[in-house]
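[1] sequence and computational prediction follow.
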Number of protein chains: 2
Amino acid sequence: MSKSVALTLTPVQTVACCSPLSSEPLSQDSAERIAPLLKALADPVRLRLLSLVASHEGGEACVCDLNDAFALSQPTISHHLKVLHEAGLLDREKRGVWVYYRARSDALAGLAGLIGSTTP
Amino acid sequence: MSKSVALTLTPVQTVACCSPLSSEPLSQDSAERIAPLLKALADPVRLRLLSLVASHEGGEACVCDLNDAFALSQPTISHHLKVLHEAGLLDREKRGVWVYYRARSDALAGLAGLIGSTTP
DNA sequence: CGTGCATATTGACATCTGTCAATATCGATG
DNA sequence: CATCGATATTGACAGATGTCAATATGCACG
């Protein structure tokens, strides 16, 4: 059997569902689907991780590159990457011994649209 | 002596300091200044509160309007409003017996620019 | 096939966070 | 000034979160 269709929404779906915060009141449902995305983002280490990955050449970065950028243990970085991945903000791909992460720019753009866009 | 200049950055300053996540790696300093803003946003109740205020007629809402929108105690709503206010995402103004909150759209726009903008 | 690396998982711990009940504050108004 | 209604503060508590040391997993290469 092929991979089962995700029961949970992809981040794109999650965030594409809603008009900007300031255009109409967010439903409780939407709020509860969006908050986890922001929670994943709301940590200095994860912000830097995401930024490192997103701004890295080729749009992707190997964990080996990332570990050295922090004064934190390897498991801690691995944990933060997992959080970002499970929130749908990072894609994960294993190539040989190394694991590469790539930022989901669609998810980021969706979030940005939701937060900003004062409906011009 | 006019109000002393804030020791802490305003949200606008906080967020205006940085180019988008994906354009260059965020410094630790920037990350630590931005994360609290996102943390303030990263709660379903606060997302809805902010959205209610931002989308309310006149761009502002009275606490009395807000309390009723939730199945939560009045102190809890008051707490969440304080978090949003202290993060710099909501302005607070007391008029008579009532307190009105207003969304800082500059802060929101700054955040959005930081998260999104894949530098077109 | 066993040894070495790169990454992930587990378990433990201290700290932070969301919530409520109780209480305080503070303006308006009788 | 006594009271009332709107909002904020305090204190307590259960549950979530960030971190590390120890350990597991799994690929590559001699």
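    Thanks, I have it. Numbering: from 1, shown residues only, chains lettered A, B, ... in the order given.
[2] got the contact list for the residue most central in space within chain A?
    Residue closest to the average C-alpha location in chain A (C-alpha atoms, centre = their mean): A:Leu89, at 1.5 Å. Counting by C-beta atoms under 8 Å, 6 or more residues apart in numbering or on different chains, A:Leu89 makes contact with A:11, A:37, A:40-41, A:50, A:103-104, A:107-108. All C-beta spots, glycine's among them, are computed from the backbone N, C-alpha and C.
[3] who wins for most neighbours among those residues?
    Neighbour counts for the contacts of A:Leu89, by other C-beta atoms under 10 Å in any protein chain shown, peak at A:Leu50, which reaches 28 neighbours.
[4] so is the host helix or strand of it next to DNA strand D?
    Secondary-structure assignment from DSSP states H and E places A:Leu50 in helix A:44-55. Yes - judged by C-beta under 7 Å from any atom of the strand, helix A:44-55 comes into contact with DNA strand D through A:Val45.
[5] about what we covered before: which ones among the contacts of A:Leu89 map onto strands?
    A:Ala103 (DSSP state E).
[6] near chain B, from the contacts of A:Leu89?
    A:41, A:50, A:103, A:108 (C-beta under 8 Å from any C-beta of the partner chain).
[7] quickly check those residues for the two that are furthest apart.
    By the measure C-beta to C-beta, A:Leu41 and A:Ala103 form the most distant pair in the ones next to chain B among the contacts of A:Leu89, at 11.4 Å.
[8] can you check which residues contact both of the two?
    A:50, A:89.
[9] how long is stretch A:65-84 end to end?
    One end of stretch A:65-84 to the other measures 17 Å (C-alpha to C-alpha, to the nearest Å).
[10] can you point out the buried residues in that stretch?
    A:66, A:70, A:77, A:80-81, A:83-84 (16 or more other C-beta atoms under 10 Å in any protein chain shown).
[11] also stretch A:86-96?
    Neighbour-count burial for stretch A:86-96 [16+ other C-beta under 10 Å]: A:87-91.
[12] wait, which of those is closest to DNA strand D?
    A:Ala87 (10.5 Å; C-beta to the nearest atom of the strand).
[13] that closest one touches A:Ala35, doesn't it?
    No - taking contacts as C-beta atoms under 8 Å, A:Ala87 lies outside contact range of A:Ala35: 10.5 Å.
[14] what residues does chain A have near chain B?
    A:21-28, A:31-32, A:34-36, A:38-39, A:41-45, A:47-48, A:50-52, A:54-55, A:69, A:103, A:105, A:108-109, A:111-113, A:115-118.
[15] just those: which are in helices?
    Counted as lying in helices by DSSP state H, out of these, are A:28, A:31-32, A:34-36, A:38-39, A:41, A:44-45, A:47-48, A:50-52, A:54-55, A:105, A:108-109, A:111-113, A:115.
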